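**Student:** next come a sequence and a model predicted from it.
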Amino acid sequence: MVEHRTSVTARLALGALAVLLVGCGTVEGAATPGEIDVRSLDVGRYTTVPADLEVGRKPTDGPVLEGLRMAGAVVFPHEVDPALIHNWGTDVLDTPQRASETSAISNVNLAVLERHRMIVGFDVAEGSLAFDRTKPAIETDARITRVVLLRFPGAKTAEEAARELEATDFRVSPDNQPVPIPGYAAAHAHWRPGIKTIGATFAHGEIVVSMFLQHASPDIDALAKRVAAVLDAQIPLLDKFTPTVPDRIAELPRDPDGLLRRTLIPGPADQRIAISSREFAAWPGRAGLHYRPVEPAELGAAWDRGGVDSVANSYSTTLFRFRDDAAALMFGATWHDTLSAAAHPVAAPEGLPQARCAERRAGSAPALTRCYVSYRRYGAFVSGAEPGGVRQQAAAQYALLANAQ
């Protein structure tokens, strides 16, 4: 099955299964010359009508939407250190409480974030070894880089927050020592001699870059150089990013590229769903790279060649927009041709000859069925534990894409 660089899509597999499907079974649409008549497809009780997403706007949407914009402005650790091929977590941090729970921030800093009116953050972490929940990171030989972008209501506030975040974390241990970062005199950083980690903050405009890095050994020169390398790559991305004016964040479009309305949702099309980076959101532009496959390498190459420029996620469905129709088809073929040893092909939906499905077992967990279906320049994965239901999802997703034209 597809392995993604981040954990975003790992949450898709079973998330929608507990949701009661209450949509009708009638397939909307009409036959288009040269295309499949979607009215002939078995879509079960899934909706095939594009949703009006602005109708469902929630008060909590704004900060998450700004965080998703920031997802396109954060540096990927593997872009700085190619050895960091394993995801260690990524998400929008839509409250100071959530931000304070990340390892790059430290939970002692909640008061600092609240005092300086943190608006939203985005967090990404990658390591040279796979994440192991059974073992503290410090007990491994992994190299780790975690980058958190924190948005504040002004450049002066961000500068003060960066200084206070570092000072508060510094006071946690009397053994901590300040560390200069080469080329970044305004950066604040510290380490504990003999410990192979470093924490650092740097304010750039309205955004604080908070970093936590672990090395294979307690080499402070190497750690400081790694922080500098992260900033070398991060600052140009922030220079291209325009933060939304705080009093306009609530007005940010829920579906900036029109991709989320084309993505299958459980239940009726007119339901009100809050934007959630984990379950229901659009990841436009560079933010979509958080869904780029890592393994197998052939699938990552197919993504690159296909020119994916936007991604949307809706529970157990992930939709990609490719450069053209051929790229969408090729990505699905590459996925099917490079299935892992734990996966095997299974029957695709009737009436969709280009759809592809596979089943994968992972230990004692229930088998997961995943199908890929494409329509014009769009390609989508749908997933679930019940093969027949997943085939209906795939058919409904195809019909939805056709009806959204």
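**Tutor:** Noted; the coordinates are in hand. Numbers count the residues shown, from 1 in each chain.
**Student:** and the helix or strand harbouring residue 88, what does it pack against?
**Tutor:** Assessed by DSSP states H and E, residue 88 sits inside strand 86-93. Where contact means 3 or more C-beta pairs under 8 Å, 6 or more residues apart in numbering; DSSP states H and E, strand 86-93 is packed against helix 61-71, strand 120-127, strand 144-151. The C-beta positions use only the backbone N, C-alpha and C, and glycine is treated the same way.
**Student:** let's see 10 Å
**Tutor:** helix 61-71, helix 77-80, helix 96-100, strand 120-127, strand 144-151 (3 or more C-beta pairs under 10 Å, 6 or more residues apart in numbering; DSSP states H and E).
**Student:** average pLDDT across that strand?
**Tutor:** If you average the pLDDT over strand 86-93, you get 93.
**Student:** adjacent strands (with direction) for it?
**Tutor:** strand 120-127 (antiparallel) (DSSP bridges).
**Student:** just how off-centre is the partner strand within its chain?
**Tutor:** 10 Å (C-alpha atoms, centre = their mean, to the nearest Å).
**Student:** backbone phi and psi for residue 303, please?
**Tutor:** The phi/psi pair for residue 303 (degrees, to the nearest 10) reads phi -60, psi -50.
**Student:** my guess is residue 387 contacts residue 366. True?
**Tutor:** No: using C-beta atoms under 10 Å, residue 387 makes no contact with residue 366, being 11.4 Å away.
**Student:** longest helix in the protein, please.
**Tutor:** helix 220-239 (DSSP state H).
**Student:** buried sites along it?
**Tutor:** Neighbour counts over helix 220-239 (16 or more other C-beta atoms under 10 Å) mark 220, 223-224, 226-231, 234, 237-238 as buried.
**Student:** out of residue 387 and residue 366, which sits in the busier spot?
**Tutor:** Set residue 387 next to residue 366 and count neighbours by other C-beta atoms under 10 Å: residue 387 wins out with 16 against 13.
**Student:** might you report the residue contacts of that one?
**Tutor:** Residues in contact with residue 387 (C-beta atoms under 10 Å, 6 or more residues apart in numbering) are 346-347, 357, 359, 367-369, 371.
**Student:** lowest-confidence one in those?
**Tutor:** Scoring those by pLDDT puts residue 367 last, at 92.
**Student:** is it correct that that residue is in contact with residue 360?
**Tutor:** Yes: if you go by C-beta under 10 Å, residue 367 and residue 360 touch, sitting 6.7 Å apart.
**Student:** now list whatever residues contact both of the two.
**Tutor:** 342-343, 346.
**Student:** dump those residues into TSV; add neighbour count and distance to residue 247 as well.
**Tutor:** Below are these laid out as TSV (neighbours: other C-beta atoms under 10 Å; distance: C-beta to C-beta, whole Å):
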residue	neighbour count	distance to residue 247
342	13	50
343	21	49
346	17	51
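**Student:** for those, which one is nearest residue 188?
**Tutor:** Nearest to residue 188, judged by C-beta to C-beta, of those is residue 342 at 45.4 Å.
**Student:** give me the nearest residue to that closest one, chain neighbours excluded.
**Tutor:** residue 360 (5.3 Å; C-beta to C-beta, 6 or more residues apart in numbering).
**Student:** what does residue 244 give?
**Tutor:** Closest residue in space to residue 244, ignoring its immediate chain neighbours: residue 66 at 5.4 Å, by C-beta to C-beta, 6+ apart.
**Student:** next one: residue 195
**Tutor:** Here the residue nearest residue 195, using C-beta to C-beta, 6+ apart, is residue 218, at 5.8 Å.
**Student:** residue boundaries of the strands in the stretch 251-400 of the chain?
**Tutor:** Using DSSP state E, counting those that start in this stretch, the strands of the stretch 251-400 of the chain run over residues 280-284, 293-295, 310-314, 317-321, 343-346, 356-360, 368-375, 378-384.
**Student:** tabulate those (JSON lines), appending distance to residue 168.
**Tutor:** What follows is the strands of the stretch 251-400 of the chain, written out as JSON lines (distance: least, C-beta to C-beta, whole Å):
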{"stretch": "strand 280-284", "distance to residue 168": "31"}
{"stretch": "strand 293-295", "distance to residue 168": "35"}
{"stretch": "strand 310-314", "distance to residue 168": "35"}
{"stretch": "strand 317-321", "distance to residue 168": "38"}
{"stretch": "strand 343-346", "distance to residue 168": "47"}
{"stretch": "strand 356-360", "distance to residue 168": "45"}
{"stretch": "strand 368-375", "distance to residue 168": "43"}
{"stretch": "strand 378-384", "distance to residue 168": "42"}
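**Student:** so for residue 146, which of these sits nearest?
**Tutor:** strand 293-295 (17.7 Å).
**Student:** okay, buried residues for the closest one please.
**Tutor:** Quick answer for strand 293-295 (16+ other C-beta under 10 Å): 293-294.
**Student:** so what strands line up beside it?
**Tutor:** When DSSP bridges is applied, strand 293-295 pairs with strand 3-4 (antiparallel).
**Student:** could you dump the buried residues of helix 220-239 to JSON lines with pLDDT?
**Tutor:** Listed next are the buried residues of helix 220-239 as JSON lines, based on pLDDT from 0 to 100:
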{"residue": "220", "pLDDT": "97"}
{"residue": "223", "pLDDT": "98"}
{"residue": "224", "pLDDT": "98"}
{"residue": "226", "pLDDT": "98"}
{"residue": "227", "pLDDT": "98"}
{"residue": "228", "pLDDT": "98"}
{"residue": "229", "pLDDT": "98"}
{"residue": "230", "pLDDT": "98"}
{"residue": "231", "pLDDT": "98"}
{"residue": "234", "pLDDT": "98"}
{"residue": "237", "pLDDT": "98"}
{"residue": "238", "pLDDT": "98"}
